[in-house]
Structures are given as C-alpha cells and as structure tokens.
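A.B. asks: need a structure here:
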Amino acid sequence: MSDTAPKTPRSENPGWMHRVASLEGVAAILLLAVGAWQGIEAIASAPAQQRLRPTLTGEAFLAGRTTAAVNYVMAHQLPSDPLLRATGGVFRYMLFGSGGPQVRVGCDDTLFLTEELRPWPEAQAAMAERAAGLRRVQAALAARGIPVVIAIVPDKARVMENRLCGAPWSAQSRARHDAWLAAMRSAGVTDVVPLLPALTAQAARPGGAYYRTDTHWNQDGARAAAQAIAAAIANRELARNEAYRTDLAPEEANGPGDLLRLMSLDRVGNALRPDPDRERKARTEAPEGEGGGGSLLDEVPTAEVALIGSSYSVNANFHGFLQEALRGSIYNAAEAGGGFAGAAATYLAGENFRETPPKLIIWEIPERVIAQPLTAAERAFIARW
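C.D. replies: The predicted structure follows:
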C-alpha cells in the first residue's frame, strides 16, 4: 500500500479554481475595455458623426432613428473591422481559393464579379422595360435634333470566358447579351454599337481587354472600345479639329483592383492575395493651341458630344481615348455606379444640357445591369419621357 497521498484533481482544487476565475475576470475586463475603445472610436469617427448628427433630437430618439444610426455605426465603423475583414478574406482565398460572395476566382487568379454570372428574376421583363425607355428617350431627343448612340459594354466574363475555369456562369447570363440586343431591336432602339467584337479582338492581343483583378476594361480595352465607337459614328457631322495626344506615365503603378477590395484583400501583401494588375497610367490632352482643348479632366460646356454612362466611362482613360479617336472635346457626364440610367437622369435634367445641348450623345451601358430589377429611380426617369 502506497503512503503517497492522492493528488486532488484540478477541478476540485479551490486554489486552482480561484486562479481560473481570476483569469477569466481579467479576460472579461480586457474584452470589455477593447469593446468600449472600439465603440468610442467608431462613434467619434467623421462618417459616424455625419450619420448621427441629424438623429440627435428628441423626436428622432423617440422614433428609433437614433438607435438605428448607432447600430449602423457599430456595424460599419469599428476600427478593427478592416482587419477582421482582411483576415477573413485571406483565410477564404489561401485555404479555399474563394473570393467570397461577391467575387469568383477563375484560372490564373482572374477575378470575376458574381453579379455578372448569376441569374436575375424576371430578367426578360426588365430588359424589355429598359429597352422601351431607351426608345422613348431616343425619340424625344431626336425630335430636338440630338441623336443618341447606345454603346453596350459586354461583361468581362463574356470576353474572358476562357479564364472562368469552372466559375459558375448561369445560362441566363450566357444568353443575356444577345437577348438585350433583341429586346432593343424589338423596341425600335437605333444607333446601337455593340462593343463585344472590338473587345474580343483586343482580348486576344498582348495587354488584353480587361483588368485581371478589376471588373472594368483596362486601358487597352478602353482604347479599343473608343476606336470602335468613333468608327461607328464616323459619318456624323462633327468638327473633329482637335489633335489629342495620349501619353503614358514613366513608371508602372497598380491598377484599380475593385475586385480585390470586394474580397477585402486590397490592404494585404501580395503573398496573401492575387497579384494586382500593373500599368503605366494613360493621360490624354489636347496640345496647347489646338482647338478648345485642355486636360481630359476639363469639363468643356461647349463640347459637341456628351458622354453619359457608368464607371466604364470614368475609368481607364476611356474619356481621353474617345476624345483622341473623335478629335474633339467631349463633355463627360458619366457617373461611377451610374448603372443603366443614373448619369442620363442627372445630365438630361441638368443645367448644362438645358443651356448648351450637344450635337450627339453617347450613352454607354454595361451589359451586367440590364437584366437586374429596375430601381424606383430608373422607373421615375423612364416615366418622364
């Protein structure tokens, strides 16, 4: 019989239990302190203050708007939020090769926007309603002597289908481009310039047509699209007397990379994400003394041509390439995030259009938006015509 006293299990040792409870208490206090710091920093941020300020009234508090604003700030403005999102993005990409809910990863880390690939409810009805609206706008402006040319930007997935490599692409999305062209023909829309042939041809050349880590066309694709539009309207009566010139920056820089942002990987090292696109930024200018030129950023109110559209018309120097191809200044009224008709609604109701109407409007429309359900703003715009 052993004379060694049996050891008391830790779970039955009062001292051990006390130390564990103390550590748990310290951890809880630390977590509360970190949480309080996160909350204070979030509330003190400029975006939070801008959102909260209108709700700091007794009426807003009783109506629940103050609480709703605070909840929004706590959900979107915490200092640790970018770090947590980046950690989740790295985990998804490195372990599973996934881009998250908004991005699909193709071969060679070519990224695609899920929005392009998924089906949409009642897509045919949405396309028919938009096509009918386009025709009404065209007819109303034609009566004022202003033709509207419609430029259709195909999805990146359509032009770079060979890089999908298993990323799911719905049958509806595959057929959408031709269905949209058919809907416009059926509605009587004229002067349509499909950019698919030009961008498909450019995609086969060095440089390609779209960024690998961004959903938009790259500078080579933007130039090809601009030249295709210029060729389609070559017989229009425009001055074409300004010799624009495009120069490239001497050093390479990262491309835009909006899909990396949607993956929450825009702020992590290249070892933990797809390599960003690299490019020498293009800038188009009219040489001094040529016509009414100037920087491509200048808004020239007397321009003969107006450009309305989406972020495609804002990015990759498309506006500059179009001015170069048309040899004339273009008023750029495009809006990032403008979708189908956001820029059109703003420009056609604005002072610039009323006071100095153009001789021609180029309306750039991304394929990916035309099958989505119409917004209230889109319906209100169409109803005006």
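
A.B. asks: please count neighbours and contacts with C-alpha atoms only from this point.
C.D. replies: Will do.

A.B. asks: shaky segments in the stretch 101-250 of the chain?
C.D. replies: Filtered on pLDDT under 70, the stretch 101-250 of the chain yields no residues whatsoever.

A.B. asks: quick one: the strands in it, in order.
C.D. replies: Under the criterion DSSP state E, counting those that start in this stretch, the stretch 101-250 of the chain contains strands at 103-105, 111-113, 148-153, 192-194, 245-248.

A.B. asks: what are the contacting residues of the second one?
C.D. replies: Just to be clear, that refers to strand 111-113. 99, 102-106, 156-157, 164, 212-215, 259 (C-alpha atoms under 8 Å, 6 or more residues apart in numbering).

A.B. asks: can you rerun that using 6 Å?
C.D. replies: Identification of contacts with strand 111-113 by C-alpha atoms under 6 Å, 6 or more residues apart in numbering yields Val103, Arg104, Val105, Thr213.

A.B. asks: now the residues you listed in CSV, please, with extra columns for distance to Phe112 and neighbour count.
C.D. replies: CSV is the format used below for those (distance: C-alpha to C-alpha, whole Å; neighbours: other C-alpha atoms under 10 Å):
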residue, distance to Phe112, neighbour count
Val103, 6, 23
Arg104, 5, 24
Val105, 6, 24
Thr213, 8, 24
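
A.B. asks: what's the closest of the strands of the stretch 101-250 of the chain to Pro119?
C.D. replies: strand 111-113 (12.8 Å; C-alpha to C-alpha).

A.B. asks: now do the closest one: distance to the chain's middle.
C.D. replies: Centroid separation for strand 111-113 versus its chain: 11 Å, with C-alpha atoms, centre = their mean, to the nearest Å.

A.B. asks: and it, which strands flank it?
C.D. replies: Using DSSP bridges, the strands paired with strand 111-113 are strand 103-105 (antiparallel).

A.B. asks: can I get the strands of the stretch 101-250 of the chain in CSV with distance to Val305?
C.D. replies: Formatted as CSV, the strands of the stretch 101-250 of the chain follow (distance: least, C-alpha to C-alpha, whole Å):
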stretch, distance to Val305
strand 103-105, 35
strand 111-113, 31
strand 148-153, 10
strand 192-194, 16
strand 245-248, 18
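
A.B. asks: winner for burial among those?
C.D. replies: Mean neighbour count (mean count of other C-alpha atoms under 10 Å) peaks for strand 111-113 among these, with a mean of 26.

A.B. asks: out of the strands of the stretch 101-250 of the chain, which comes closest to Leu95?
C.D. replies: Per C-alpha to C-alpha, nearest to Leu95 of these: strand 103-105, 13.0 Å.

A.B. asks: how about the helices in the stretch 151-300 of the chain?
C.D. replies: Assigned by DSSP state H, counting those that start in this stretch, the stretch 151-300 of the chain shows helices spanning 156-159, 171-187, 196-203, 219-232, 258-262.

A.B. asks: next, format those as JSON lines and append mean neighbour count and distance to Gly339.
C.D. replies: Converted to JSON lines, the helices of the stretch 151-300 of the chain look like this (neighbours: other C-alpha atoms under 10 Å; distance: least, C-alpha to C-alpha, whole Å):
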{"stretch": "helix 156-159", "mean neighbour count": "24", "distance to Gly339": "16"}
{"stretch": "helix 171-187", "mean neighbour count": "17", "distance to Gly339": "15"}
{"stretch": "helix 196-203", "mean neighbour count": "19", "distance to Gly339": "18"}
{"stretch": "helix 219-232", "mean neighbour count": "23", "distance to Gly339": "18"}
{"stretch": "helix 258-262", "mean neighbour count": "20", "distance to Gly339": "16"}
